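Colleague: Here's my sequence, what's the structure:
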Amino acid sequence: MQFLLAEPTLDGMNVQRRIQEIVAKGPGASETYKTKSTTRQANSQASRYTPDQIEKISQENAKFLHFFGYASAPEGHEPNEMGFFDFKEDRADSLTSEYYQFRKNNEFNLKKVTNSAQI
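Modeller: Residues are numbered from 1 along each chain as shown. Sure thing, here's the model as predicted:
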């Protein structure tokens, strides 16, 4: 963060406090999703969408749904609890390669800014 902010130290800065808060969470800090305490299940609001709405969203946003992990898991991947949109039938190879790509992008960019690997 010092590098990104071009600061010699983070002492006393809000970013230092936020880093300490995240570190204090331990392993829970890296959880992508948590189910709501009221429903304790993923996709509990799925019934609020009509089949036509789900189909339209699936068709128009297939790449993004895969990229962010809202699509059902492609064959060979672990089941996806958050995979609200089902693409079991006609999933293009290009969509399979996009699946959870945001995580890979995050890892790449983290390595780049922390200089922990040669890129």
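Colleague: Nearest the middle, which residue of the protein would you pick?
Modeller: F68 (5.1 Å; C-alpha atoms, centre = their mean).
Colleague: Surely that one and F102 touch.
Modeller: Yes - F68 lies in contact with F102 (C-beta atoms under 8 Å); the separation is 5.5 Å. Yep, even glycine has a C-beta here, placed from its N, CA and C like the rest.
Colleague: Measure how buried H66 is and give me the count.
Modeller: 27 (other C-beta atoms under 10 Å).
Colleague: then the lowest-mean-pLDDT helix or strand in the chain to CSV, C-alphas only?
Modeller: None of the helices or strands of the chain scores lower by mean pLDDT, DSSP states H and E than helix 2-5, at a mean of 81. Coordinates of each C-alpha in helix 2-5 appear next as CSV, following Å, rounded to 0.1, in the frame of the first residue of the first chain:
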residue,chain,number,x,y,z
GLN,A,2,2.9,2.3,0.6
PHE,A,3,3.9,1.9,-3.0
LEU,A,4,0.4,2.4,-4.3
LEU,A,5,-0.1,5.6,-2.2
